[in-house]
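[1] okay, here's the prediction I keep looking at, along with the sequence it came from:
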Amino acid sequence: MSHALTDSASPSLRFTKMQGLGNDFVIFDGVRQRIELRPEAVRAIADRHFGVGCDQILLVEAATSPNADFRYRIFNADGTEVAQCGNGARCFAVFVRRAGLTNKEVITVETQSGHLMLHHQSNGEITVNMGIPQLAPADVPFRNNEEAPEYLLSVGDDTLRIAAVGMGNPHAVLRVSSVTDAPVATLGPRIETHPDFPRHCNVGFMEVCDRSHVQLRVWERGVGETLACGSNACAAIVAGIRWDELDHAVAVTLPGGSLYIEWAGPGQPVMMTGPAQVVFDGVWPISAVLGNSEGGS
Ligand SMILES: N[C@@H](CCC[C@H](N)C(=O)O)C(=O)O
């Protein structure tokens, strides 16, 4: 039997639609349902016209290591599996408590980029320890011989100044004088797929308002422009601090709302605080992916 997406008990899967600053997710409980997500299933569910519609799908599973509470997997709308998602991490934290999978206030979760710690705050927001940023080019990964706060990147006839930062996933960050006029849709995909980023990258266009406030728009790898990207917001603040243009605690205004990011400096983890909200619960028919009414073959 070959399934694009399977559930041992029924031909449908329960999901919860959530959003963190408008970066939206379909979240599946893979602890209580047996789920295998293949790229064509991800694309069908994420489709905004023929599916549920989302930027990423999150699959919550039982932990595989004893020092974690859960494992969670992240899939971009184009079907690719990726290692990190800041807004998704906050939604995951709300999801597991609401689903009755845990009542802990501090949750440790395994991801492909390592363990993350998530703290529920008394005001309902979530703080995520996003880990220590990767600054060595090979770790981003980015093709350059030496580590530097800024690199030159040739894109067509232009030479851009960018930062390359790993947050468990790869990021480029550029300064712009105005996020409103930033060429996100034109330059974003060219930097995303630039050969100097061998695994492609998420691209942030950052306007520094003052040392404790920036505005940011993000072209996300595997999605396009989203209303917010938590991991790129972390990368942007790391870049801005390394350029000595920002203090160590910064408010980041994205099209979908604001995050608060703190970073003490190299070797220290980035802390991200922001909201996460449930939009609705739903049921996805497996036949919608398989193209038949049986839910299997
Ligand atoms: N929206 C996320 C990032 C999701 C993954 C990213 N598109 C990638 O391919 O690395 C966030 O909030 O961090």
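    On my side now, so go ahead. Numbering: from 1, shown residues only.

[2] write out the residues of the protein neighbouring the ligand.
    For the chain, the residues in contact with the ligand under the definition C-beta under 6 Å from any ligand atom are 23, 55-56, 76, 82, 85-88, 169, 202, 220-223, 226, 229-231. C-betas here are computed from N, CA, C, even on glycine.

[3] give me that answer again for 5 Å
    If contacts are counted using C-beta under 5 Å from any ligand atom, the residues of the chain sitting beside the ligand are 23, 82, 85-87, 169, 220-222, 229-231.

[4] how close does P11 sit to V223?
    29 Å (C-beta to C-beta, to the nearest Å).

[5] okay, these two: which has more neighbours?
    Neighbours around P11 and V223, counted as other C-beta atoms under 10 Å, are more numerous at V223. The numbers are 20 against 15.

[6] list the contacts for that one?
    For V223, the contacting residues are 55-56, 76-78, taking C-beta atoms under 8 Å, 6 or more residues apart in numbering as the criterion.

[7] again, only using 7 Å
    The neighbours of V223, taking C-beta atoms under 7 Å, 6 or more residues apart in numbering as the test, are 55, 76-78.

[8] out of those residues, which are inside helices?
    Where the contacts of V223 are compared with helices, as defined by DSSP state H, there is no overlap at all.

[9] still on that earlier bit, between the residues of the chain next to the ligand, which sits nearest S177?
    The shortest gap between S177 and any of the residues of the chain next to the ligand belongs to C229, at 20.8 Å (C-beta to C-beta).

[10] from Q56, how far off is that closest one?
    Here C229 is placed at a distance of 10 Å from Q56 (C-beta to C-beta).

[11] same deal with H120?
    Following C-beta to C-beta, the distance that separates H120 from Q56 is 21 Å.

[12] neighbour count winner among these two?
    Neighbours were counted for H120 and for Q56 using other C-beta under 10 Å; Q56 has more, 24 against 18.

[13] all good on my end, thank you.
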